[in-house]
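*Asks:* Provided below are the primary sequence and the corresponding predicted coordinates.
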Amino acid sequence: MSNHEENLTAAVVFESMFGNCEKVARQIAAGMATGVPVKVVDVADAVADPSILDDVALVVAGGPTHSMSMSRPGTRAEAVQRSGGTVPARNVGLREWCVALQDRTDEHGPRWVTTFDTRTALGRAIPSSASRAAARIVTRKGYEMLVPLRSFLVEDAAGPLVDGHLEEAYVWGEKIAAALRAQVPVAV
């Protein structure tokens, strides 16, 4: 591995209410780890300490689709209420991370991004999603999409993931790592 390749590190930043996005994030990271160093970061930690991403070339960011977009304080509160209190309240989500993300500079931090989400199997035909909304914001800030965004399906808002989607997340992670090592955006 050359010095240049040694600097190709990544982070998977996730928001998760019912645990499905976290499972997907960890599988993506496991697939990526076959080709590049990667760390998994809860979105609340990434907002609290943005420097946690200073040493990465790529951020893969994802969260649940709420009302055809990224979660908002109201939709997160609704998820907590729907769960009967079994889901912990979250003050910060993917939306807040995207908004807080600094415009891209060449000095430090990630150059590339890609986004993912979970959405219900019933909503698969709806074109709007958390990953699309996040991609719009981060690309406007100067980040380049390394690979196209991806949705992973859940049976219901609380889960579980549709059969095969965790395996697909792992394979997608491998493809992301290969694209990062090649440093050329590719179609996946």
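*Replies:* All right, it came through fine. Residues are numbered from 1 along each chain as shown.
*Asks:* Now do the SS call for the closest residue to residue 72 other than its chain neighbours.
*Replies:* Among residues not flanking residue 72 along the chain, residue 95 sits closest, at 6.4 Å (C-beta to C-beta, 6 or more residues apart in numbering). Glycine gets a C-beta too; all of them are placed from N, C-alpha and C. Of the three states, residue 95 takes helix according to DSSP: H, G, I helix; E, B strand; the rest coil.
*Asks:* Give the burial count for residue 95, as a bare number.
*Replies:* 23 (other C-beta atoms under 10 Å).
*Asks:* Any buried residues in stretch 18-27, and which?
*Replies:* For stretch 18-27, burial by neighbour count (16 or more other C-beta atoms under 10 Å) applies to 18, 20-27.
*Asks:* Nearest to residue 71 among the residues you listed?
*Replies:* When the buried residues of stretch 18-27 are ranked by distance to residue 71 (C-beta to C-beta), residue 21 comes first, at 10.0 Å.
*Asks:* Just confirm the closest one contacts residue 115, I think it does.
*Replies:* No: counting by C-beta atoms under 8 Å, residue 21 does not reach residue 115; the two are 11.5 Å apart.
*Asks:* Nearest residue to residue 66 in space, please, no chain neighbours.
*Replies:* Using C-beta to C-beta, 6+ apart, the closest residue to residue 66 is residue 75 (3.7 Å).
*Asks:* returning to that earlier point: tell me, what's touching residue 21 and residue 115 both at once?
*Replies:* Residues touching both residue 21 and residue 115 (C-beta atoms under 8 Å, 6 or more residues apart in numbering): residue 62.
*Asks:* returning to that earlier point: how about the residue nearest to residue 72, what does it touch?
*Replies:* Neighbours of residue 95 in contact, by C-beta under 8 Å, 6+ apart: 63, 69-72, 133-134.
*Asks:* With residue 43 instead?
*Replies:* 13-15, 61, 63, 92-94, 96-97.
*Asks:* what is the mean pLDDT for stretch 145-161?
*Replies:* Regarding stretch 145-161, the rounded mean pLDDT is 94.
*Asks:* Distance to residue 154 for the contacts of residue 43 - can I get that in a markdown table?
*Replies:* Shown next, in a markdown table, are the contacts of residue 43 (distance: C-beta to C-beta, whole Å):
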| residue | distance to residue 154 |
| --- | --- |
| 13 | 19 |
| 14 | 14 |
| 15 | 14 |
| 61 | 18 |
| 63 | 13 |
| 92 | 21 |
| 93 | 17 |
| 94 | 16 |
| 96 | 22 |
| 97 | 21 |
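*Asks:* between those, which is closest to residue 119?
*Replies:* Nearest member of the contacts of residue 43 to residue 119, counting by C-beta to C-beta, is residue 63, at 10.5 Å.
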